[in-house]
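J.: next come a sequence and a model predicted from it.
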Amino acid sequence: MILEIVGSTVMGGLLAYTFLDKHGVSDASKIQRIASACGLHVKEDGKKCTIHLLRRRHHSWGIEYVYRIPLGLAFEDVQKRQQHIEDGLNHKRGFLDLTIEDIKTLRLRGDIVEQIKRLLIGTKHRKELRLEYDGALKIRVYKEPMPTAVPFDDGTLQKCAGWMVCVGQSREGTLYHDFDKIPHLIVAGTTRYGKSVFLKNVITTLIHTQQEAVRLTLLDLKGGLAFQRFKDARQVETVAKDVDESLGALRTIHAEMQRRQAEFLVEGHEDIREARMKRRDFIIIDEAAELASVGEPDPVVKKKKIECEHIIAEIARIGGGLGYRLVFCTQYPTADTLPRQVKQNCDARLCFRLQTEVASHVVLDESGAEKLPFIKGRAIYRTDRKHIVQTPLIENDFIDKTIKPHIVIKPRKEVAQHEGKSSQETPAGGSYTLVIE
């Protein structure tokens, strides 16, 4: 009883201090002040007007504040100031840096002194924001940060049905990409932020969940190291390591695609579903910028790269309906390295941190990727909506365990060289070499 009285007295004193101190205001008021201070205001009848609070709603994850945006301002203006608002909410002014929301977190039946101590020494989580607009500005203030690591395990695989792969954990829950609904995917981001790990997630998932129906053509333009462990899986047709090998693999895909298109025309099938074909062919390209022809000084290599670009563009343009799935990955997204046909026909993008706003616009058609935190695996997943996700981290040991039942001894096809062109088909009179590794 005495402890509760003491606790109530302490909390009452803190509340009084908070209300009397001009800085001890709610997040709603602070957001309004910050918005006005950073230029989000207009003049109405000679008075300065900024965003105006309409309502707030408490959720398990935090609080959603709804504001009216004054005439003359746009949602884009607020988006550009998101970092100002977030930093302002997390700004520390002094030792007794408490808000009304902080006081409300204290519990009488707990150790009040210890709770206050934790608040005062700065162990509070950084508040993160999300902005939305549906006629009114919605600012979600989360009381817990997003996870910085999401493991990829057996549970992850079990939840991937059909042609779905796990994209990652978002504020709304776990997100999945369904390659039967959105055939093609662009993946971008600077090196060491999660692109290759995500591609491993995709390959491992497809081998496990679609053992008899998937066929994988992997183009690893970083020398083949990232995809090396998958090369002997029976679902993998080839792992190409350079321009010549990539061109040979793409020619094979292109010829098959043309044959399948001719068959569909004869049989009257509109697409792969109507033809009732179970198989899907995935072309996964890691560091596609190495296939860009612009800036290539060698005329022979340039010609090969141009042909690669044309085939990739055709896969993006007509391959979806024929059962071909393109995952186009690059760390240098520019108008030259991300072909227009590929971008126009890829309705899903997964973008890790990029260095510039220009690069973000190339991939997402808007800024944002350059503002992502320096956290490996943090990305923006965009389809018809945009989500911030923490992509799952898959360990190599888990990959090896998962694909082990699918590793086979493959006959290696001898590559024919005809007039300077590579072909993955065994030529007449050619032979197979048995490779045991």
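T.: Now that the structure is in, tell me what you want to look at.

J.: what comes up buried for stretch 195-214?
T.: For stretch 195-214, the neighbour count (16 or more other Cβ atoms under 10 Å) marks 195-210, 214 as buried. Yep, even glycine has a C-beta here, placed from its N, CA and C like the rest.

J.: now do the buried residues in stretch 343-357.
T.: Taking 16+ other Cβ under 10 Å as the neighbour-count basis, stretch 343-357 is seen to contain the buried residues 343, 345-346, 348-354.

J.: nearest to residue 377, of those residues?
T.: Top of the list for closeness to residue 377, among the buried residues of stretch 343-357 and by Cβ to Cβ, is residue 352 at 7.8 Å.

J.: farthest-separated two in the buried residues of stretch 343-357?
T.: Largest separation among the buried residues of stretch 343-357 by Cβ to Cβ: 345 and 353, giving 25.0 Å.

J.: what packs against the helix or strand where residue 304 lies?
T.: According to DSSP states H and E, residue 304 maps onto helix 299-322. Using 3 or more Cβ pairs under 8 Å, 6 or more residues apart in numbering; DSSP states H and E as the contact criterion, the elements in contact with helix 299-322 are helix 243-267, strand 280-286, strand 324-330, helix 340-345.

J.: just these: most buried one?
T.: By mean neighbour count, with neighbours taken as mean count of other Cβ atoms under 10 Å, strand 324-330 ranks first of those at a mean of 26.

J.: can you list the strands that that strand pairs with?
T.: Strand 324-330 has the following strand partners under DSSP bridges: strand 185-188 (parallel), strand 280-286 (parallel).

J.: adding distance to residue 150, write these out as a markdown table.
T.: Formatted as a markdown table, these follow (distance: least, Cβ to Cβ, whole Å):
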| stretch | distance to residue 150 |
| --- | --- |
| strand 185-188 | 17 |
| strand 280-286 | 21 |
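
J.: turn those strands into a markdown table, including mean pLDDT and distance to residue 378.
T.: Converted to a markdown table, the strands paired with strand 324-330 look like this (pLDDT from 0 to 100; distance: least, Cβ to Cβ, whole Å):
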| stretch | mean pLDDT | distance to residue 378 |
| --- | --- | --- |
| strand 185-188 | 97 | 13 |
| strand 280-286 | 97 | 19 |
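
J.: which one, of these, ends up nearest to residue 371?
T.: Between residue 371 and the strands paired with strand 324-330, the shortest separation by Cβ to Cβ is 14.8 Å, and it involves strand 185-188.

J.: now do that closest one: distance to the chain's middle.
T.: For strand 185-188, the distance from its own C-alpha centre to the chain's C-alpha centre is 8 Å (Cα atoms, centre = their mean, to the nearest Å).

J.: now tell me what touches it from outside.
T.: Applying Cβ atoms under 8 Å, 6 or more residues apart in numbering, the contact partners of strand 185-188 are 177, 179, 195, 198-199, 326-331, 333, 338, 342-343, 346, 348-352, 354, 359, 363, 369.

J.: report the backbone C-alpha coordinates of that strand in CSV.
T.: Included here for strand 185-188 are C-alpha records, laid out as CSV according to Å, rounded to 0.1, in the frame of the first residue of the first chain:
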residue,chain,number,x,y,z
LEU,A,185,11.0,-8.9,-60.2
ILE,A,186,13.7,-6.3,-60.2
VAL,A,187,16.1,-6.4,-57.3
ALA,A,188,18.5,-3.5,-56.7
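
J.: count the neighbours of residue 64 for me.
T.: In terms of burial, residue 64 registers 17 neighbours under the definition other Cβ atoms under 10 Å.

J.: likewise for the one 4 residues further on?
T.: Counted with other Cβ under 10 Å, residues neighbouring residue 68 total 13.

J.: list the contacts of the closest residue in space to it that isn't next to it in sequence.
T.: Leaving out its chain neighbours, the residue that sits closest to residue 68 by Cβ to Cβ, 6 or more residues apart in numbering is residue 52, at 4.6 Å. With contact taken as Cβ under 8 Å, 6+ apart, residue 52 is in contact with 32, 67-68, 70.

J.: ok, now residue 223?
T.: Contacts of residue 223 were listed using Cβ under 8 Å, 6+ apart, and they are 241-242.

J.: distance check, it against residue 252.
T.: 21 Å (Cβ to Cβ, to the nearest Å).

J.: check the gap between the residue most central in space within the chain and residue 68 for me.
T.: Nearest to the geometric centre of the chain sits residue 350, at 3.4 Å (Cα atoms, centre = their mean). Computed as Cβ to Cβ, the residue 350 to residue 68 distance reads 34 Å.

J.: could you find the closest non-adjacent residue to residue 256?
T.: Going by Cβ to Cβ, 6+ apart, residue 256 has residue 281 as its nearest residue, at 7.6 Å.

J.: so the one you found touches residue 326, yeah?
T.: No - under the contact definition of Cβ atoms under 8 Å, residue 281 does not touch residue 326, with a separation of 9.8 Å.

J.: so how many other residues sit close to residue 35?
T.: Look at residue 35: counted by other Cβ under 10 Å, it has 25 neighbours.

J.: is the residue nearest to the centre of the chain in contact with residue 381, as I believe?
T.: Yes - counting by Cβ under 8 Å, residue 350 sits close enough to residue 381 to count as a contact (5.2 Å).

J.: shared neighbours, those two?
T.: Between them, residue 350 and residue 381 share the neighbouring residues 167, 177, 389, with contact defined by Cβ under 8 Å, 6+ apart.

J.: so which of these sit within helices?
T.: When DSSP state H defines the helices, the subset of those inside them is empty.

J.: out of those residues, who has the most neighbours?
T.: Neighbours were tallied for each of the shared contacts of residue 350 and residue 381 (criterion: other Cβ under 10 Å), and the maximum of 24 neighbours falls on residue 167.

J.: local confidence estimate at that one?
T.: At residue 167, the predicted lDDT confidence score is 98.

J.: I'd like the distance between it and residue 366.
T.: According to Cβ to Cβ, residue 167 stands 19 Å off from residue 366.
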